[in-house]
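1. no sequence on hand, only this structure:
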């Protein structure tokens, strides 16, 4: 047997073995079919893509990362700082005996309590940002006033104009004695590998910086499919930021291709920051093995007299439940009047798509706001095939024309709203480390609803006239949709 025949035989065996693995993993049927089609039609590329992106992380050893949460939250030192697990257990019992919220809100609250183990908090001051300049102005002011610590976790961190403003402030605060800890994602922040002075300058000033690498060579390729997509900041344990805005100049309207960047972010001052803090400290512990348990991490919130009702939900590939996805599903399937969605990507799985269709058939008004131009070609065109499907049942789809829409917002019945990092796609729901704030009080939900209504003025509503497609456009969308379960 010559060398080419031997390579061909080994390659065939590898592809067949991969196909068998896909079957044995008992994954979602649509994902199984997508991977098999990819192996059949693009065997070489398909095999390599499966090695990088195909691992069913939730069913494998990454689930063992749950033990980190147990070790961290059950440590005697942390339990002495804040009785976090006890608070969740108490709320579970209270909700069973005496429901405290509207029925639909109660359903989502209970789900996050049971699936995500994070409590609902009722003492929060919430500020809403609709673009990056205002968010960063506020963030820099809060950095200026920081006394003890600054914790940051971002998907994208760029050596940019706004990135350097952030870096200079963090360096100064670190030299003043403020403890600065930063987590960034390797894939989202890949440019930092070519601009290493950015991270080095932070470390030289005393900032602790970690990238989202849970495995080293030769298994580092697996991390490409498991991204830290969160964008959160915690300042002195009392002020928190959460939403869709990363650190880069496009987020402050400085990219000529995107122009105005429409995004949504929250500044929270109050008890919900405890959940943000726990989320960051757990991520830090998983990456470094370092337990950070000083009492000042969870300061008293007795001076805050606002009535913002906020619950934080998190999920990632190593957690047993897809908490954010489940909360979306519970909210959408329980909607009685309206569902408003802002998302840059719209790739629901079959269950969520069925929930939306069921709501439409039951007379629920569904409005979906989507970008008018793409930032990811395949995802954008796959999304259009799903948008057409819900439009056929009466959903109103709006294309945002003022610039690029990156906002991740859902409003249900004008009674519940969520803002965070999770896109309306399978990757966010199943693989990425994500975090969302769910809001239940009338005032803050109303603000987010009014924000959506205001954005409609900068949109065009799709209808049959706008949405006529050539045969080639339909073929393109159908082809892109084939890969939607693995995008």
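-> Happy to help now that I have it. Bear in mind that the values here come from a model prediction, so they are computed numbers and not experimental data.

2. mean confidence for stretch 227-244?
-> Mean pLDDT, stretch 227-244: 96.

3. what is the neighbour count of residue 313?
-> Around residue 313 there are 27 other residues, counting by other CB atoms under 10 Å. For every residue, glycine as well, the C-beta is placed using N, CA and C.

4. could I get the phi/psi values of residue 322?
-> Note on residue 322: its backbone torsions stand at phi -90, psi 70 [degrees, to the nearest 10].

5. equivalent analysis for residue 431, please.
-> phi -120, psi -50.

6. burial measure for it, as a count.
-> Neighbour count for residue 431, taken as other CB under 10 Å: 22.

7. roughly how far apart are the closest residue to it other than its chain neighbours and residue 226?
-> Setting aside the residues directly before and after it, residue 431 is nearest to residue 317 in space (CB to CB, 6 or more residues apart in numbering), at 5.0 Å. Here residue 317 is placed at a distance of 5 Å from residue 226 (CB to CB, to the nearest Å).

8. residue 192 too?
-> Going from residue 192 to residue 226 by CB to CB gives 18 Å.

9. residue 374 now?
-> Going from residue 374 to residue 226 by CB to CB gives 24 Å.

10. who has more neighbours out of those two?
-> Ranked by neighbour count (other CB under 10 Å), residue 374 and residue 226 place residue 226 first, with 22 against 15.

11. do I have it right that the more buried one meets residue 431?
-> Yes. If you go by CB atoms under 8 Å, residue 226 and residue 431 touch, sitting 5.9 Å apart.

12. can you list the weak-confidence ranges in the stretch 201-350 of the chain?
-> 213-225, 318 (pLDDT under 70).

13. now do 80
-> Scanning the stretch 201-350 of the chain for pLDDT under 80 picks out 213-226, 293-296, 317-320.

14. tell me which stretches of it form helices.
-> For the stretch 201-350 of the chain, the helices defined by DSSP state H, counting those that start in this stretch occupy 272-288, 323-333, 350-361.

15. for residue 366, what are its contacts?
-> Residues in contact with residue 366 (CB atoms under 8 Å, 6 or more residues apart in numbering) are 338, 339, 341, 356, 359, 360, 390, 394, 395, 396.

16. tell me the secondary structure at it.
-> In the three-state summary, residue 366 is assigned as strand, counting by DSSP: H, G, I helix; E, B strand; the rest coil.

17. what of residue 444?
-> Assigned with three-state DSSP, residue 444 falls in the helix class.

18. my guess is it contacts residue 308. True?
-> Yes. Counting by CB under 8 Å, residue 308 is a contact partner of residue 444 at 5.5 Å.

19. so what sits against both of these two?
-> Shared contacts of residue 444 and residue 308, defined by CB under 8 Å, 6+ apart, comprise residue 126.

20. how many neighbouring residues does residue 206 have?
-> By the criterion of other CB under 10 Å, residue 206 has 15 neighbours.

21. if I look at it, how far off is residue 372?
-> Using CB to CB, residue 206 is found at 45 Å from residue 372.

22. same check on residue 300?
-> Remark: distance between residue 300 and residue 372 (CB to CB) = 47 Å.

23. mind giving me the ChimeraX command for buried ones among the contacts of residue 366?
-> Command for ChimeraX, covering only those of the contacts of residue 366 found buried under the criterion 16 or more other CB atoms under 10 Å:
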select :338,339,341,356,359,360,390,395,396
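
24. would you reformat the contacts of residue 366 as JSON lines and include distance to residue 459?
-> Formatted as JSON lines, the contacts of residue 366 follow (distance: CB to CB, whole Å):
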{"residue": "338", "distance to residue 459": "17"}
{"residue": "339", "distance to residue 459": "17"}
{"residue": "341", "distance to residue 459": "13"}
{"residue": "356", "distance to residue 459": "19"}
{"residue": "359", "distance to residue 459": "21"}
{"residue": "360", "distance to residue 459": "19"}
{"residue": "390", "distance to residue 459": "16"}
{"residue": "394", "distance to residue 459": "18"}
{"residue": "395", "distance to residue 459": "14"}
{"residue": "396", "distance to residue 459": "10"}
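
25. for the contacts of residue 366, which one is nearest residue 276?
-> Nearest to residue 276 out of these is residue 341 (CB to CB; 23.9 Å).

26. how about the contacts made by the closest one?
-> By CB under 8 Å, 6+ apart, residue 341 lies in contact with 366, 367, 368, 369, 409, 410, 424.

27. closest to residue 105 among those?
-> Nearest to residue 105 out of those is residue 410 (CB to CB; 13.4 Å).

28. surely that closest one touches residue 338?
-> No. Applying CB under 8 Å as the test, residue 410 and residue 338 come out as separate, 10.9 Å apart.

29. hang on, isn't residue 433 packed against residue 188?
-> No. Residue 433 is not in contact with residue 188 according to CB under 8 Å; the separation is 11.1 Å.

30. what residues are shared contacts of these two?
-> Shared contacts of residue 433 and residue 188 (CB under 8 Å, 6+ apart): 227, 228, 229.

31. reformat these as a markdown table; add distance to residue 460 and neighbour count.
-> Listed next are those as a markdown table, based on distance: CB to CB, whole Å; neighbours: other CB atoms under 10 Å:
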| residue | distance to residue 460 | neighbour count |
| --- | --- | --- |
| 227 | 32 | 21 |
| 228 | 35 | 28 |
| 229 | 29 | 27 |
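
32. export those residues to JSON lines and append columns for distance to residue 480.
-> What follows is the shared contacts of residue 433 and residue 188, written out as JSON lines (distance: CB to CB, whole Å):
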{"residue": "227", "distance to residue 480": "21"}
{"residue": "228", "distance to residue 480": "26"}
{"residue": "229", "distance to residue 480": "21"}
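
33. quick revisit: JSON lines please, covering the helices of the stretch 201-350 of the chain and showing distance to residue 420.
-> Shown next, in JSON lines, are the helices of the stretch 201-350 of the chain (distance: least, CB to CB, whole Å):
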{"stretch": "helix 272-288", "distance to residue 420": "11"}
{"stretch": "helix 323-333", "distance to residue 420": "7"}
{"stretch": "helix 350-361", "distance to residue 420": "16"}
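
34. nearest to residue 238, out of these?
-> Taking CB to CB, helix 272-288 is the member of those nearest to residue 238, at 6.0 Å.

35. what count of nearby residues applies to residue 461?
-> Residue 461: 11 neighbours (other CB under 10 Å).

36. give the contact list for it.
-> Neighbouring residues of residue 461 by CB under 8 Å, 6+ apart: 396, 397, 398.

37. go again using 6 Å as the cut-off
-> Neighbour list for residue 461: residue 398 [criterion: CB atoms under 6 Å, 6 or more residues apart in numbering].

38. who's in contact with stretch 125-144?
-> By CB under 6 Å, 6+ apart, stretch 125-144 touches 162, 169, 235, 239, 245, 251-252, 265-270, 304, 306, 308, 444, 447, 451.

39. now the helices for the stretch 351-487 of the chain?
-> With DSSP H, counting those that start in this stretch as the criterion, the stretch 351-487 of the chain has helices at 377-391, 426-430, 442-455, 471-482.

40. among the ones you listed, which is nearest residue 279?
-> Of all the helices of the stretch 351-487 of the chain, helix 426-430 comes closest under CB to CB, at 16.0 Å.

41. helix/strand/coil for residue 109?
-> Per three-state DSSP, residue 109 ends up helix.

42. tally up the residues packed near it, please.
-> Neighbour tally, residue 109, other CB under 10 Å: 25.

43. now for residue 410 and residue 338: what residues contact both?
-> Taking CB under 6 Å, 6+ apart as the contact rule, residue 410 and residue 338 touch no residue in common.

44. follow-up on the earlier one: shared neighbours of residue 317 and residue 226, anything?
-> Counting by CB under 6 Å, 6+ apart, the contacts common to residue 317 and residue 226 are residue 431.
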